[in-house]
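1. No letters, just coordinates:
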């Protein structure tokens, strides 16, 4: 990494940024009419500001990514040991696998940008290649995580609303099939991006060598297909999943409060030794309450997971709104630098959410906590410490 000052204008230059922003997509587009927008964009975020902010985001997000990779690896190991006889274990394992993959993809993107900023001469255009081999997949996989979270929230809603029928409605095999369908419909379409873009070998005058780069396929079918896929998989699907999670979380919280109030009234009645005549309605309420009491820990855990997901996904919704409203607000548009920084900030929600989930499992799931402690040998360490004392 280095920078120098030109004698003509005495301004600081960042060759690494020149290499990264020398985007081949612009070779096929005429931006002469956007000269005023270019001036405005350069005034919003200078090269130096972009350089400092991006490096800070790379280093800070990389720490979070490492935590997410470790945490989700442990989650997957624990769920495998617990087995998949319970539908919730299947969906939570799928969520952990997706969170793990998201952290790996984010790490790959960070590595490519870090190499670019440090002026490492690679045989490929790191920014563009990482966009097609990690950035697109990260965006689509975020939608997968959203739908898996929506499924988990909906499953818990059924456990609260129809506790006696949920065993027949939600089975391990049905949950496994649902996870496959979600992945096929939300993540697999990311590979259709290669209909719109392709890899080519181009000559880079800055490096004075031929490197692997990407160019757009400007056929009408490819452009139309890209718009449709982005609209469906990048905007409609995430917002639908977010809405389902939000609605189910509200329903779960309301129902949990009702159950808590009912239990308090029953406890109060018992303390006063009141024994009213039992009728079918009260018997049904008692049965529902007993079943809910058995499921309450899992329901509260799902509420916590969904709440963290909602908080972490709100920035993504804002980002989607910006990308839809402003045509030039993307990695290859006039506001490319601002878009990259904005994406780096909003994308932090996913690895943060993936890192925190293991704490929720450990706190609220006794079986998970027991297996986790045996897995990392905490129980043995405590036993040895007590023997020494």
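-> Happy to help now that I have it. Quantities reported herein were computed from a predicted structural model and do not represent experimental measurements.
2. Distance of the spatially most central residue of the chain relative to residue 358?
-> In the chain, the centroid-proximal residue (CA atoms, centre = their mean) is residue 350; its distance is 3.4 Å. According to CB to CB, to the nearest Å, residue 350 stands 15 Å off from residue 358. To be clear about C-beta, it is placed using only N, CA and C from the backbone, and glycine gets the same treatment.
3. residue ranges of the helices in the stretch 251-389 of the chain, please?
-> 280-325, 336-346, 349-364, 366-375, 378-388 (DSSP state H, counting those that start in this stretch).
4. With distance to residue 149 and mean pLDDT as extra columns, can I get those in JSON lines?
-> Rendered in JSON lines, the data for the helices of the stretch 251-389 of the chain read as follows (distance: least, CB to CB, whole Å; pLDDT from 0 to 100):
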{"stretch": "helix 280-325", "distance to residue 149": "5", "mean pLDDT": "69"}
{"stretch": "helix 336-346", "distance to residue 149": "17", "mean pLDDT": "77"}
{"stretch": "helix 349-364", "distance to residue 149": "9", "mean pLDDT": "88"}
{"stretch": "helix 366-375", "distance to residue 149": "18", "mean pLDDT": "89"}
{"stretch": "helix 378-388", "distance to residue 149": "29", "mean pLDDT": "57"}
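5. Is residue 198 in contact with residue 217, as I believe?
-> Yes: Residue 198 is in contact with residue 217 according to CB atoms under 8 Å; the separation is 6.0 Å.
6. quick revisit: tell me which element the residue lying closest to the residue nearest to the centre of the chain once chain neighbours are set aside is part of?
-> In this structure, residue 350 finds its nearest non-sequential neighbour in residue 102, 5.1 Å apart by CB to CB, 6 or more residues apart in numbering. Element membership of residue 102 [criterion: DSSP states H and E] is helix 87-117.
7. Would you mark the buried spots in that helix?
-> By 16 or more other CB atoms under 10 Å, the buried positions in helix 87-117 come out as 87-110, 112-117.
8. what is the orientation angle of it with helix 349-364?
-> Helix 87-117 and helix 349-364 are oriented at 140 degrees to each other (axes from the mean of the first three to the mean of the last three CA atoms, to 10 degrees).
9. counting contacts, what elements does helix 87-117 pack onto?
-> Applying 3 or more CB pairs under 8 Å, 6 or more residues apart in numbering; DSSP states H and E, we find helix 87-117 packed against helix 15-21, helix 47-82, helix 126-130, helix 136-161, helix 172-186, helix 349-364.
10. Can I get those helices in TSV including distance to residue 297?
-> Output for those, formatted as TSV (distance: least, CB to CB, whole Å):
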stretch	distance to residue 297
helix 15-21	49
helix 47-82	15
helix 126-130	41
helix 136-161	11
helix 172-186	19
helix 349-364	6
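11. which one of those helices has the lowest average pLDDT?
-> Among the helices and strands packed on helix 87-117, helix 15-21 carries the lowest mean pLDDT, a mean of 44.
12. on that earlier part again, just how off-centre is the helix holding residue 102 within its chain?
-> Centre-to-centre, helix 87-117 and its host chain are 8 Å apart (CA atoms, centre = their mean, to the nearest Å).
13. Could you do stretch 84-99 as well?
-> Centroid separation for stretch 84-99 versus its chain: 16 Å, with CA atoms, centre = their mean.
14. Excluding its own residues, what touches that stretch? List them.
-> Outside of stretch 84-99, the residues within contact range by CB atoms under 8 Å, 6 or more residues apart in numbering are 68, 72, 75-76, 79-80, 82-83, 141, 144-145, 148-149, 151-152, 155, 170-172, 174-176, 178-179, 182-183, 298, 350-351, 353-354, 357, 361.
15. Just the buried residues of the residues you listed.
-> Buried, going by 16+ other CB under 10 Å: 68, 72, 75-76, 79, 82, 141, 144-145, 148-149, 151-152, 155, 170, 175-176, 178-179, 182-183, 298, 350-351, 353-354, 357, 361, out of these.
16. Need the distance between the two termini of stretch 340-359.
-> Using CA to CA, to the nearest Å, one end of stretch 340-359 lies 30 Å from the other.
17. how close does the closest residue to residue 319 other than its chain neighbours get to residue 132?
-> Setting aside the residues directly before and after it, residue 319 is nearest to residue 346 in space (CB to CB, 6+ apart), at 4.4 Å. Separation of residue 346 from residue 132 (CB to CB) stands at 20 Å.
18. cool, residue 93 as well?
-> Note on residue 93: its distance to residue 132, by CB to CB, is 29 Å.
19. and if you look at residue 70?
-> Taken as CB to CB, the span from residue 70 to residue 132 is 28 Å.
20. With residue 102 instead?
-> Taken as CB to CB, the span from residue 102 to residue 132 is 17 Å.
21. Confirm residue 203 sits in a strand?
-> Yes: secondary structure of residue 203 (DSSP: H, G, I helix; E, B strand; the rest coil): part of a strand.
22. That one pairs with what?
-> residue 210 (DSSP bridges).
23. you'd agree it is up against residue 209?
-> Yes: using CB under 8 Å, residue 203 is in contact with residue 209, at 7.4 Å.
24. for residue 55, what are its contacts?
-> 114, 117.
25. coming back round to it: where does the residue nearest to residue 350 land on pLDDT?
-> 92.
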